[in-house]
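A.B. asks: task: produce atomic coordinates for the following.
(2 chains)
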Amino acid sequence: MQAEGHPSACVSKRPLPVEFVATVAILTCTYALLAAGIVILYKAGRVVNFAHGELAIVGGYVFYSSGLMAGGSLWFAILGAVVFSVVMGGFIYATMMRRVVGEPFYVAILITVGIAIVLKSAIIVIWRAEQVTINIGVAPAVRLAGGATLSYMDLASIIMTITFFIALYFFFTFTRLGVQFRGTAENPLLASQRGVNVNLVLSLAWIIAVLAATLSGVFYGGRAFLSTESVTIGLAGLTAALVGGLDSLRGAVAGAFVVALAQYLTVRLIDPVLSEALPFLILLVVMSIRPWGLFGTVEELDRV
Amino acid sequence: MKKQIFCRGVTAAAIIACFAGFSAAQAQETYKIGYITDLSGPLAGSYTPTWEGFELYIKALNDRGGINGKKVDIVLDDDGLKADRAVAAAKKQTERDQVLGIFGLSLSSTQGAVYAEMRKAGVPVVTTFSGIGDALPPAQPFSYSTGVVFEVAGDAIGELIQKIKKGGKVVGMTFDSVGGRAGIAFNQKSVEKAGGTWDQVLFPVTTTDFTPFAQEVAAKKPDIVVGHYGSGQNLGVIPALRRSGYNGPYVVASYGVTEDTVRQAAERAGSGENIYYVTRYSSSFDNNPSVAEVAAAQKKYGTSKPFSSMHVTGWALGKLAEAALKGCGWPCTREQLDKTIQSLKVDIGGLSGGPIEMSATDHYGPSYWRMYIWDAKANKLEPQSDWLKKGSQGYK
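C.D. replies: So this is what the prediction gives:
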């Protein structure tokens, strides 16, 4: 028997805060990427995307399958995920969302619900609802005090999320297209009259949003696993976006942090079974006090 | 005009009569049984290989000429792990497809509803690989199981893990389901009976990122951790536990967990050390003629999932189905089938430690459990105990 004689030494003493900070940071990154995509779509076209979790998980599956097809090649997996994001983002806008520009906002919401159902079915049909894990970079990279470890994938998720948000900042602040994007978000009619290609801006918004979702799906698949059930991370992303403010990228990060922290503390301090319910409780509280979220713009609220 | 309508009516009636006659003849020529399981829901990865094992057995059986000269026809339905879909499928199979009995079923949460509905319809239901207490004595009518009834599994696991460390601190993990709670409740009883201490961590059924839960378990400083759930959860929990600094013994309670899952989890954890596996049916690595027979059928007919103990589990259920239909004779009715199952003793050779036995009051019978350890170097399971026989009394 392998464990005889030393089992009590199986868990070494370690300070809780180190792994607490690491876990919350990684969860925050996953949710922030999702929330960022939701915020970008809302800012650009006032669309609340209920298919974001499905896009994330399907993106993760595409990354997995692309890598598998190329004998485990990371570069091929990345290429597959990028192609998926561009094609899927462009496709959704060109074939569905473009047609409902100017329609009541709930029309677009209903379309995203439909997209979610189709994508979930695609997981069942294409991947036979297989639970898959992304085994790239899962080896321990950093050993924290006391024996807990962070994998290369964990580190990549933190670095890539920070890079993504910095890139977004530079894009919106310093590029011509970014400024056009902001103009479109402010007033699409005026932007259009001033020569901005609104369709290009909106399709770009969808591509960036799907790319962010795919990134989070890949990191999630590396840390947990991808399945039809995993699409529920979309709800965490949506909660983060709503808590932070649907039109604020800064709020997306703050909201993601609040949701991640709430989930972690519920598991550790209250009752693990409640971990999925508590973020929604926080959402209800925030919505009842500040319906526009922590960093959102106070504007006229539409009610479904 | 009237004549034309009359002729058309006669022709239509003749066609319908032909089809009806054909269907009746078809129905009479085969033993029609139902199979319901999760083929598209969250636990499809666990339930599909069990279905495939059952299907393999029936294919091989039909190729041998069937039973009493009649082939066995399976009506398959997917419940997606939803109780309402499972009940709807069961009703469809009994009312429209006229099946003699229903086999398989998925998670514990779907079983109670199907059992209850089929009791009303007088249709025997035999669950496999996971089961609820309805089959345990005093058994509910028409409710049988050849699989892992959680109460018995929890008890057996508690006893077997004493071989890893006697009287240590055990932390049980499960998702919040009827079966999961039953499993850890009896696991706790047998651990405490052996002088050990117990703690537990439950998580929501839909959880897919287990890191915070694993950290909670690691913080409890256990000597042994036991996981009462399916493949996907093990795939997430084992690496999460190792990442959280817990490298001690982890026991996979095999509720549909394949050997390939253990291999994958070990790879992701960075080490396959200290991973144990407790199962009611033999591992696919076992070297005996019965397992070899399943492996040969898998090679011949093919399956979508890698060969595993779940195929062995499905195959064992197939053996029971054959014995039941054979005993039922021809023509077979639901009542006769139910009566036959109640007196079955099916020799399943090396697929487990002993036969599957049922009686009028005990629809589960004695079961046999074995613990394996994952050999990371050889990438296979090695037995760590003999078969442990557990009776079915005293769990209600």
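A.B. asks: show the contacting residues for B:Ala83.
C.D. replies: Residues near B:Ala83 by Cβ atoms under 8 Å, 6 or more residues apart in numbering or on different chains: B:109-110, B:112-114. The way it works is simple: take the backbone N, C-alpha and C, and place the C-beta from them, glycine included.
A.B. asks: let's go with 10 Å and repeat that
C.D. replies: By Cβ atoms under 10 Å, 6 or more residues apart in numbering or on different chains, the contact list for B:Ala83 reads B:106-107, B:109-114.
A.B. asks: any idea how far it is from B:Gly112?
C.D. replies: B:Ala83 sits at a distance of 8 Å from B:Gly112 (criterion: Cβ to Cβ, to the nearest Å).
A.B. asks: and what of B:Leu344?
C.D. replies: Taking Cβ to Cβ as the measure, B:Leu344 falls 23 Å from B:Gly112.
A.B. asks: repeat that for B:His363.
C.D. replies: Using Cβ to Cβ, we find B:His363 at a distance of 15 Å from B:Gly112.
A.B. asks: below-threshold pLDDT in the chain: ranges please.
C.D. replies: Since no chain was named, I'll use chain A. Confidence mapping of chain A against pLDDT under 70 gives the ranges A:1-16, A:146, A:299-304.
A.B. asks: that's the wrong chain, I wanted chain B
C.D. replies: Residues of chain B meeting the criterion pLDDT under 70: B:1-28.
A.B. asks: let's check: the centremost residue of it is which one?
C.D. replies: B:Phe129 (1.8 Å; Cα atoms, centre = their mean).
A.B. asks: dihedrals phi and psi, that residue?
C.D. replies: Note on B:Phe129: backbone dihedrals following degrees, to the nearest 10 are phi 60, psi -30.
A.B. asks: which residue, neighbours along the chain excluded, lies closest to it?
C.D. replies: Excluding its sequence neighbours, the residue lying closest to B:Phe129 (Cβ to Cβ, 6 or more residues apart in numbering or on different chains) is B:Gly147, at 4.1 Å.
A.B. asks: so the one you found makes contact with B:Ser130?
C.D. replies: Yes: counting by Cβ atoms under 10 Å, B:Ser130 is a contact partner of B:Gly147 at 5.6 Å.
A.B. asks: count the neighbours of B:Ala89 for me.
C.D. replies: 26 (other Cβ atoms under 10 Å in any protein chain shown).
A.B. asks: pull out the buried positions in the host helix or strand of it.
C.D. replies: Taking DSSP states H and E as the criterion, B:Ala89 maps to helix B:83-95. Using 16 or more other Cβ atoms under 10 Å in any protein chain shown as the test for burial, helix B:83-95 gives B:83, B:85-90, B:93-94.
A.B. asks: dump these into JSON lines; add distance to B:Gly302 as well.
C.D. replies: Shown next, in JSON lines, are the buried residues of helix B:83-95 (distance: Cβ to Cβ, whole Å):
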{"residue": "B:Ala83", "distance to B:Gly302": "32"}
{"residue": "B:Arg85", "distance to B:Gly302": "27"}
{"residue": "B:Ala86", "distance to B:Gly302": "27"}
{"residue": "B:Val87", "distance to B:Gly302": "32"}
{"residue": "B:Ala88", "distance to B:Gly302": "30"}
{"residue": "B:Ala89", "distance to B:Gly302": "25"}
{"residue": "B:Ala90", "distance to B:Gly302": "28"}
{"residue": "B:Gln93", "distance to B:Gly302": "26"}
{"residue": "B:Thr94", "distance to B:Gly302": "30"}
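A.B. asks: could you point out which element follows the host helix or strand of B:Ala266?
C.D. replies: Element membership of B:Ala266, judged by DSSP H and E, is helix B:259-269. Sequence-wise, the next helix or strand downstream of helix B:259-269 (DSSP H and E) is strand B:275-279.
A.B. asks: helices or strands up against that next one?
C.D. replies: Packing partners of strand B:275-279 (3 or more Cβ pairs under 10 Å, 6 or more residues apart in numbering or on different chains; DSSP states H and E): helix B:150-160, strand B:224-228, helix B:231-243, strand B:250-253, helix B:259-269, helix B:309-328, strand B:367-375, strand B:380-383.
A.B. asks: no more questions from me, cheers.
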